[in-house]
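A.B. asks: Attaching a predicted model along with its sequence, questions to come.
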Amino acid sequence: MSAPGQPPLDREQLIQLGFIEARGRALDVAAFLDRVQRATPAAGAPTDALADERVRAICDALRLALDGQPERARRMLELWSDTTTEPSAKADGKAARGVPRKA
Amino acid sequence: MYIDPHVHMVSRTTDDYARMAVAGCVAITEPAFWAGYDRSSAQGFHDYFRQLTDSEPRRAAAYGIRHHAWICINPKEAEDHGFAREVMGLIPEFLQRPNVLGIGEIGLNRNSRTELAVFEEHLELAAKFDTLVLVHTPHLEDKRKGTRLILDAIRNQGKLKPGRVLIDHVEEHTVRSVLDAGFWAGMTLYPDTKCTAARAVDIIEMHGTERLWINSAGDWGHSDPLAVPKAAAVMRARGHAADAVRRITLDNPRTFLGQSANFSDAPLRPTAADLGR
């Protein structure tokens, strides 16, 4: 029986099981950042490819993933969360965008 | 055998029922939700509720799957308070239908004051009719705040037992607060915007199997009505014992849903009327 939080498989088994998929997803993130950087900025938009707060949020999350601390997934979701506490006066459209708008 | 406790079959083809039956699905529950457009009248909801309580159960029965429903006005169409109240006026009639388990999926979408007020009025209905409750938590950046507002609203109302309320679409940053407060928690398996199967199994490893289930929430968007059996396969590949897989995919939904006398996952033989549609 595993201790709470401890997977039944050992580290080598988990790497064997998940490495190729994780490698592919990591490559997708890198390719997304390359694609955004290669693109022409929209009219009136900043020339810095990382100026968009959604793109910057991904880069901030990548730094978090490398900090060596546990619970990266939880902390990444919290990094991308609205931290205000009061209900809004009115619904701002139907769809969330993935990261909060900066004031 | 498994139960998919949250799937929007009105948006799926009959082939999906056939595939789910082959994969071992014995029962589903279908919460009322947003159809992808705003309905223009309460009558539109009345027709939708008839679909959930009349035609959809027959379509499922043709494949030996027991169909159950939850009734409400979803938070995406709750920003017009007067309209929401008109739709909520229809709910008591449909709570009497034999496949209805309770109020759902209520909750918040963009965490607005009106959404919260309509959510609180649904909670009052659930208390009045003593029904189970299925709660939708918001998407993406709104989930953490919305989950906190929802838990506070249920606590402040104080009339519902946490063990009769399931808070759905939990992820790594919300699951602990839901379970610690005594509620049931649902993990939704979506390719991009909610939990992947691998992350759902991580959450099971970190938080245990008590009061936790998985669902596909299959609908008209990017989703997979076979997500539950596929996640069960991931659990097995990750070394989890058969009884843990069964607890998450069958026993836990059965325990929570079985608090309603209208729930059943007993073997179902379709009637001639079921097969004739």
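C.D. replies: Noted; the coordinates are in hand.
A.B. asks: B:Pro31 reaches B:Trp70, doesn't it?
C.D. replies: Yes - with contacts counted by Cβ atoms under 8 Å, B:Pro31 reaches B:Trp70, the gap being 4.1 Å. Every residue, glycine included, has its C-beta placed from N, CA and C.
A.B. asks: hey, what's in contact with both of the two?
C.D. replies: B:104-105, B:134 (Cβ atoms under 8 Å, 6 or more residues apart in numbering or on different chains).
A.B. asks: Which one of these is nearest to chain A?
C.D. replies: Among the shared contacts of B:Pro31 and B:Trp70, B:Glu105 lies closest to chain A (Cβ to the nearest Cβ), at 15.2 Å.
A.B. asks: For the closest one, the count of nearby residues, please.
C.D. replies: Neighbour count for B:Glu105, taken as other Cβ atoms under 10 Å in any protein chain shown: 26.
A.B. asks: Mind naming the longest helix for the chain?
C.D. replies: In the absence of a named chain, this looks at chain A. Using DSSP state H, we find that the single longest helix of chain A is helix A:11-38.
A.B. asks: if you could check chain B rather than the one you did, that'd help
C.D. replies: helix B:113-129.
A.B. asks: Among B:Pro31 and B:Trp70, which residue is more densely surrounded?
C.D. replies: For B:Pro31 versus B:Trp70, neighbours defined as other Cβ under 10 Å are more numerous around B:Pro31 (28 against 25).
A.B. asks: mind checking how far B:His81 is from B:Val118?
C.D. replies: Going from B:His81 to B:Val118 by Cβ to Cβ, to the nearest Å gives 7 Å.
A.B. asks: do B:Asp16 as well
C.D. replies: For B:Asp16 relative to B:Val118 (Cβ to Cβ), the value is 31 Å.
A.B. asks: can you list the residues of chain A near chain B?
C.D. replies: A:2, A:4-9, A:13-14, A:17-18, A:21, A:71, A:73-74, A:77-78, A:80-85, A:87-100 (Cβ under 8 Å from any Cβ of the partner chain).
A.B. asks: Kindly recompute the last result at 6 Å.
C.D. replies: With the criterion set to Cβ under 6 Å from any Cβ of the partner chain, chain A comes near chain B through A:5, A:7-9, A:73-74, A:77-78, A:80-82, A:87-88, A:90-92, A:94, A:96, A:98-100.
A.B. asks: between B:His81 and B:Val118, which one's more packed in?
C.D. replies: Just comparing B:His81 and B:Val118: by other Cβ under 10 Å the higher neighbour count belongs to B:Val118, 28 against 14.
A.B. asks: What ranges does the stretch 1-150 of chain B have for its helices?
C.D. replies: For the stretch 1-150 of chain B, the helices defined by DSSP state H, counting those that start in this stretch occupy B:14-22, B:42-50, B:56-61, B:81-88, B:91-95, B:113-129, B:143-157.
A.B. asks: Now do the contacts for whichever residue of the stretch 151-277 of chain B sits closest to chain A.
C.D. replies: Residue of the stretch 151-277 of chain B nearest chain A, by Cβ to the nearest Cβ: B:Gly239 (3.3 Å). B:Gly239 is in contact with A:8-9, counting by Cβ atoms under 6 Å, 6 or more residues apart in numbering or on different chains.
A.B. asks: With pLDDT added, can I get the shared contacts of B:Pro31 and B:Trp70 in a markdown table?
C.D. replies: Putting these into a markdown table (pLDDT from 0 to 100) gives the following:
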| residue | pLDDT |
| --- | --- |
| B:Gly104 | 97 |
| B:Glu105 | 97 |
| B:Leu134 | 98 |
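A.B. asks: confidence score at the residue minimising distance to the centre of chain A?
C.D. replies: What sits nearest the mean C-alpha location of chain A, by Cα atoms, centre = their mean, is A:Ile58, with 4.5 Å. pLDDT, the model's per-residue confidence, is 97 for A:Ile58.
A.B. asks: Am I right that it sits in a strand?
C.D. replies: No - using DSSP: H, G, I helix; E, B strand; the rest coil, the secondary structure at A:Ile58 is helix, not a strand.
A.B. asks: tell me the contacts of it?
C.D. replies: A:Ile58 neighbours (Cβ under 6 Å, 6+ apart): none.
A.B. asks: if we go to 10 Å?
C.D. replies: A:29, A:32-33, A:36, A:50, A:52, A:76, A:80, A:98-99 (Cβ atoms under 10 Å, 6 or more residues apart in numbering or on different chains).
A.B. asks: Quick check: can you list the domain ranges of chain A?
C.D. replies: Annotated domains of chain A cover A:11-40, A:50-82 [automatic domain parsing].
A.B. asks: Could you check how far the residue nearest to B:Arg238 when sequence neighbours are not counted is from A:Asp48?
C.D. replies: Leaving aside its sequence neighbours, B:Arg238 sits nearest to B:Val201 (Cβ to Cβ, 6 or more residues apart in numbering or on different chains; 5.3 Å). Note on B:Val201: its distance to A:Asp48, by Cβ to Cβ, is 39 Å.
A.B. asks: next one: A:Ala89
C.D. replies: Using Cβ to Cβ, we find A:Ala89 at a distance of 33 Å from A:Asp48.
A.B. asks: now swap in B:Ala32 and tell me
C.D. replies: Using Cβ to Cβ, B:Ala32 is found at 45 Å from A:Asp48.
A.B. asks: And those two? Which one has more around it.
C.D. replies: Neighbours were counted for B:Ala32 and for A:Asp48 using other Cβ under 10 Å; B:Ala32 has more, 27 against 11.
A.B. asks: pLDDT wise, what is that one at?
C.D. replies: For B:Ala32, the pLDDT comes out at 98.
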